[in-house]
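can you look at this prediction? I've put the sequence above it.
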Amino acid sequence: MNVDEFIAKWRPSGGAENANSQPFIIDLCDVLGVPRPDVTMASSATDDYVFEKSVTHVERGVTSTKRIDCYKRDCFILESKQSSSNAARKGNDAQGELLPEHVAPVKGGMALRGTPAWDRAMRRAYGQARDYVLDLPTHHNAPVFLIVVDVGYVIELYADFSGRGRNYTQFPGRAEFSIPLERLAHDAVRERLRRVWTDPKSLDPASRSAEVTRDVAERRGIVAARLEKTHDPSDVAHFLMRCLFTMFAEDVGLLPDKAFENLLVELKDAPERFVPELQSLWAAMDEGAEYDRGLKTAV
């Protein structure tokens, strides 16, 4: 099944969580190119990647058994629901809010999509997933991700990279944590979910920042080594530091967006202008003056 077939298959679904949750996740795994959940064993001690992971919940001295919809050790807890696209069923539903009684009942879900009731139900599903973290066996680490799925409609991601499982936040941020079904058509979105399944810690922004820093340091070292063949090392170090500071000034808005980057691209084909242009720019930055190319500096 390719991603277009997956979207076409699941877009019309609605209101049958118990019937649809596991098939949806299995199809999602196939589209992402990750292994499907394993078969549940007789002893839950070995159930590290399964549907319906059994956990023991203790509340006010009362012990009960809870089941996680889908669990992958160290990676995620997934809680799934299914809302209704145009109507909701009547009666009591412990898994979410329902529509008013006057709405005609068809096969319904936890709430009508796009309503305040749907928002509340999704928040409760997130809270349920978060509570499961405390119910995991003591030798299991808190998973990096909590996933809340409205089957056939949206996937929400929450992450806590600290390993404590106490501060899950929308990932990668408020604008992108909620993934509508249609966005799975984007390669970058599928890659993000693939890494949630296979290498969640690689999505840690701190790790990415450290990786970028190492890459910049390595590239700077290569440039420095080349320049030092014909220039004094102290002059090379001073030059590269000024270049880095100019890039920083551009990033924080002290220079117009991409001004320095565009200048370097232009000078690539006119190397004879490189030295005088940078000297002029840096002199203007030192004085907070107007650059003679019309580039207003604010440093």
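Now that the structure is in, tell me what you want to look at.

from now on I want contacts and neighbour counts done on CA atoms only, so please keep to that.
OK.

nearest to the spatial middle of the chain, which residue is it?
Pro172 (3.6 Å; Cα atoms, centre = their mean).

A helix includes it, no?
No. Assessed with DSSP: H, G, I helix; E, B strand; the rest coil, Pro172 is coil; it does not lie in a helix.

angles on the backbone of it, please.
phi -80, psi 0 (degrees, to the nearest 10).

model confidence for it, exactly?
pLDDT for Pro172: 94.

if I look at it, how far off is Val62?
Applying Cα to Cα, to the nearest Å, the value for Pro172 to Val62 is 37 Å.

count of residues packed around Ala111?
Counted by other Cα atoms under 10 Å, the residues lying close to Ala111 total 30.

so it sits against Asp150, correct?
No. Using Cα atoms under 8 Å, Ala111 is not in contact with Asp150; the gap is 10.4 Å.

and stretch 50-69, how far from the chain's centre?
With Cα atoms, centre = their mean, to the nearest Å as the basis, stretch 50-69 stands 28 Å off its chain's centre.

ok, stretch 46-62 next?
26 Å.

quick one: buried residues of it?
Neighbour-count burial for stretch 46-62, counted by 16 or more other Cα atoms under 10 Å, picks out 47-55, 57.

CA atoms only for it - export them in CSV, please.
C-alpha atoms of stretch 46-62 as CSV (Å, rounded to 0.1, in the frame of the first residue of the first chain):
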residue,chain,number,x,y,z
THR,A,46,8.1,-9.6,27.1
ASP,A,47,5.5,-7.4,25.4
ASP,A,48,7.8,-4.5,24.3
TYR,A,49,6.0,-3.7,21.0
VAL,A,50,2.4,-4.8,21.0
PHE,A,51,-1.2,-3.8,20.8
GLU,A,52,-3.1,-3.8,24.1
LYS,A,53,-0.1,-3.7,26.3
SER,A,54,-1.2,-4.8,29.8
VAL,A,55,-0.2,-2.5,32.7
THR,A,56,-1.1,-2.4,36.4
HIS,A,57,-2.8,0.7,37.6
VAL,A,58,-3.1,1.6,41.3
GLU,A,59,-5.3,4.4,42.5
ARG,A,60,-6.3,5.1,46.1
GLY,A,61,-5.3,1.6,47.1
VAL,A,62,-7.3,-0.1,44.3
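
what does that stretch rub up against?
Residues outside stretch 46-62 that contact it (Cα atoms under 8 Å, 6 or more residues apart in numbering): 22, 37-41, 44, 63-73, 132, 135-137.

weed out the non-buried ones from those residues.
Neighbour-count burial (16+ other Cα under 10 Å) is assigned, among these, to 22, 37, 40, 68-73, 132, 135-136.

farthest pair within those residues?
Spanning the widest gap among these are Gln22 and Asp135, at 21.8 Å by Cα to Cα.

let me see the mean pLDDT of stretch 258-274.
Mean pLDDT, stretch 258-274: 88.

check the separation of the first and last residues in that stretch.
One end of stretch 258-274 to the other measures 17 Å (Cα to Cα).

just give me the closest of the buried residues of stretch 46-62 to Leu255.
The closest of the buried residues of stretch 46-62 to Leu255 turns out to be Tyr49 (Cα to Cα; 50.5 Å).

who does the spatially closest residue to that closest one that is not a sequence neighbour bridge with?
Leaving aside its chain neighbours, Tyr49 sits nearest to Lys72 (4.2 Å; criterion: Cα to Cα, 6 or more residues apart in numbering). Beta-bridge partners recorded for Lys72 (DSSP bridges): Tyr49, Phe76.

would you confirm that Glu182 contacts Phe6?
No. Taking contacts as Cα under 8 Å, Glu182 lies outside contact range of Phe6: 9.8 Å.

where in the stretch 51-200 of the chain is pLDDT low?
Filtered on pLDDT under 70, the stretch 51-200 of the chain yields the residue ranges 86-110.

so where do the helices sit in it?
Ranges of helices in the stretch 51-200 of the chain, per DSSP state H, counting those that start in this stretch, are 116-135, 187-198.

please enumerate the strands of the chain.
Remark: strands assigned in the chain by DSSP state E are 49-59, 62-72, 76-81, 145-150, 154-159, 169-170, 178-180.
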